[in-house]
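Visitor: Quick one, what's the 3D model for this:
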Amino acid sequence: MPVSPTSSLKGIGKNNLSNDDIKIMINILNICSQRGAFKVNELKDIGIFYEKLSLILNKENKRNKENKENKENKENKGIKEK
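Guide: Here you go, the predicted structure:
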């Protein structure tokens, strides 16, 4: 039974992209650019989109790192208090 393109999107809400999804999109843009898939007049828009994706990914990575450090600090603090 064939699957329609939209059937796999059911249940996906607004802003429900994972870091891996964003990394894949960035890789697709890089590969397409290397293979000459974009016209010269499209490069500016593609670059802006690429920068937005990179910014989102960097912010999320920074947030994850800070959360991990905060968790480790709390755990270390709990050990010292005992």
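
Visitor: Tell me the buried residues in the helix or strand hosting residue 49?
Guide: Assigned by DSSP states H and E, residue 49 belongs to helix 43-81. Counting neighbours by 16 or more other Cβ atoms under 10 Å, one finds that the buried residues in helix 43-81 are 50, 53, 56-57. Any C-beta I mention is one placed from the backbone N, CA and C, and that applies to glycine too.

Visitor: can you give me how far it is from the chain middle?
Guide: 11 Å (Cα atoms, centre = their mean, to the nearest Å).

Visitor: mean confidence score for it?
Guide: Helix 43-81 carries an average pLDDT of 88.

Visitor: what's the residue lying closest to residue 50 once chain neighbours are set aside in contact with, if anything?
Guide: Closest residue in space to residue 50, ignoring its immediate chain neighbours: residue 29 at 5.2 Å, by Cβ to Cβ, 6 or more residues apart in numbering. Contacts for residue 29 (Cβ atoms under 8 Å, 6 or more residues apart in numbering) come out as 46, 49-50, 53.

Visitor: what packs against the helix holding residue 49?
Guide: With contacts defined as 3 or more Cβ pairs under 8 Å, 6 or more residues apart in numbering; DSSP states H and E, the packing partners of helix 43-81 are helix 19-34.

Visitor: ok now the helix it packs on, how far from the chain's centre?
Guide: For helix 19-34, the distance to the chain centre is 10 Å (Cα atoms, centre = their mean).

Visitor: can you check stretch 17-24 too?
Guide: Distance, stretch centre to chain centre, for stretch 17-24: 4 Å (Cα atoms, centre = their mean).

Visitor: And stretch 28-43, by the same measure?
Guide: On Cα atoms, centre = their mean, the centre of stretch 28-43 falls 19 Å from that of its chain.

Visitor: Many thanks, have a good one.
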